[in-house]
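> The following comprises the amino acid sequence and a computationally predicted model.
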Amino acid sequence: MSTIDITRNKIIDKLLAISNKRYLDAILQIVDSSPSIVEKVELNPSQIEMLRMSEEDYKYGRVISQEQLDNEDKEWLPLK
């Protein structure tokens, strides 16, 4: 994984933990005001395989709702 991918994933992880709407709105404003450059993202073989597996899971109904996932997280997180 490239350095930019690692940094992007760290930012995403931190964003997912933020619940303050004003803070998120400020971040969104920064991102929206940044020039956007469309670039082709090259996926490595393992990323392509993960996407293929995800599509297969969806196709065969091996999915859960966001609410169910949140409940499982609540049960799992105290164990850590």
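On my side now, so go ahead.
> what's the distance between the residue most central in space within the chain and I27?
Among the residues of the chain, the one closest to the centroid is I12, at 5.8 Å (CA atoms, centre = their mean). Remark: distance between I12 and I27 (CB to CB, to the nearest Å) = 12 Å. Any C-beta I mention is one placed from the backbone N, CA and C, and that applies to glycine too.
> returning to that earlier point: so which strand or helix has the residue nearest to the centre of the chain?
helix 3-16 (DSSP states H and E).
> And S36, by the same measure?
Using DSSP H and E, S36 falls outside every helix and strand.
> Then I27?
Short version, using DSSP H and E: I27 is in helix 21-33.
> What of E49?
Going by DSSP H and E, E49 is part of helix 45-59.
> which outside residues touch that helix?
43, 62-63 (CB atoms under 8 Å, 6 or more residues apart in numbering).
> can you give me how far that helix is from the chain middle?
Relative to its chain's centre, helix 45-59 lies at 15 Å (CA atoms, centre = their mean, to the nearest Å).
> try stretch 16-33
15 Å.
> ok, now stretch 28-35?
For stretch 28-35, the distance to the chain centre is 19 Å (CA atoms, centre = their mean).
> Just the mean pLDDT for that stretch, thanks.
The pLDDT scores in stretch 28-35 average 88.
> what comes up buried for it?
Neighbour counts over stretch 28-35 (16 or more other CB atoms under 10 Å) mark no residue as buried.
> who's in contact with that stretch?
Where contact means CB under 8 Å, 6+ apart, no residue beyond stretch 28-35 reaches it.
> and if we set it to 10 Å?
L15 (CB atoms under 10 Å, 6 or more residues apart in numbering).
> Ok, stretch 7-25 next?
1-2, 26-28.
> Adding distance to Q68 as columns, could you present the residues you listed in JSON lines?
Putting these into JSON lines (distance: CB to CB, whole Å) gives the following:
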{"residue": "M1", "distance to Q68": "29"}
{"residue": "S2", "distance to Q68": "33"}
{"residue": "A26", "distance to Q68": "31"}
{"residue": "I27", "distance to Q68": "28"}
{"residue": "L28", "distance to Q68": "27"}
